[in-house]
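> the sequence and its predicted three-dimensional model are supplied below.
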Amino acid sequence: MKISRATEADATSIALLGRFTFTETFGHLFRDKNDLMEYYERTFAVEKLANSLKKGSNAYWLAHIDQLPVGYAKLKLHSPSPFIDSRNVCQLQKIYVLKDFLSQKVGLALQTEVLDKAQSDGFEHIWLSVLKENKRAIAFYEKNGFEFLGSHSFQIGSEHFEFNAMGKRLV
């Protein structure tokens, strides 16, 4: 496995990984597939991701196995949370790994990169949102020291989702 910092040139790989991994994990929750397709266009468009990769407030990593991109992570720097009383906070926005590679600890390797960056940049806390029904992800984050902070909701098209906010103190 090779983990590397992603650049603007990786936008296409991240867009494709984002669509595939989101479908693998959440696709079954959408009754109207048009809602899913519209979400992809807003969230995983190559141009949008290229612009996001250029921003100094974002950091991305790509995971490769046998030279194939199999997962990615995104850290948003200086991203306050309503659940954490601190201004020195960052957000783990995404860790997405293709299902066939989950057993190879790709998510853990990506999380390690994210946490190392957050700590080296001097952040006190990191937080994330995880779908309440995603028990596997919740267990993964709990095993790695994240704690429940609160709940919030998010809507995609006609679908309404409930999320757990989880956080971890870094210092």
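Arrived safely, thanks for sending.

> can you list the low-confidence ranges for the chain?
Applying pLDDT under 70 to the chain picks out no residues at all.

> can we see that at 90?
Along the chain, the parts satisfying pLDDT under 90 run over 87, 171.

> let me see the contact set for the residue sitting nearest the centre point of it.
The structure's the chain has its C-alpha centroid closest to Lys94; by C-alpha atoms, centre = their mean the separation is 0.4 Å. By C-beta atoms under 8 Å, 6 or more residues apart in numbering, Lys94 lies in contact with 18, 72-74. C-beta: built from backbone N, CA, C; applies to glycine.

> what two of the residues you listed are the furthest from one another?
Gly18 and Ala73 (11.4 Å; C-beta to C-beta).

> which parts of the protein are helices?
Along the chain, counting by DSSP state H, helices occupy 11-26, 33-43, 46-54, 106-120, 135-143.

> export those to JSON lines and tack on mean neighbour count?
Formatted as JSON lines, these follow (neighbours: other C-beta atoms under 10 Å):
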{"stretch": "helix 11-26", "mean neighbour count": "18"}
{"stretch": "helix 33-43", "mean neighbour count": "14"}
{"stretch": "helix 46-54", "mean neighbour count": "15"}
{"stretch": "helix 106-120", "mean neighbour count": "18"}
{"stretch": "helix 135-143", "mean neighbour count": "14"}
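
> among the ones you listed, which is nearest Val89?
Closest to Val89 of these is helix 106-120 (C-beta to C-beta; 9.4 Å).

> which residues sit against that closest one?
1, 3, 59, 61, 63, 65, 70-73, 75, 90, 92, 95, 97, 126, 140, 144, 168, 170-171.

> minimum distance to Phe163: which of the helices of the chain has it?
For these, the distance to Phe163 is smallest for helix 135-143, at 10.5 Å, taking C-beta to C-beta.

> chain center to the closest one: distance?
Its chain's average C-alpha position is 14 Å from that of helix 135-143, according to C-alpha atoms, centre = their mean, to the nearest Å.

> and that helix, what does it pack onto?
For helix 135-143, the packing partners by 3 or more C-beta pairs under 8 Å, 6 or more residues apart in numbering; DSSP states H and E come out as strand 125-131, strand 159-169.

> list the contacts of Ile126.
Going by C-beta under 8 Å, 6+ apart, the list of residues near Ile126 reads 89-92, 114-115, 118, 167-168, 170.

> would you mind giving those residues as TSV with distance to Ser103 added?
Compiled in TSV, those are given as follows (distance: C-beta to C-beta, whole Å):
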residue	distance to Ser103
Val89	32
Cys90	28
Gln91	27
Leu92	21
Val114	20
Leu115	21
Ala118	26
Gly167	27
Lys168	24
Leu170	28
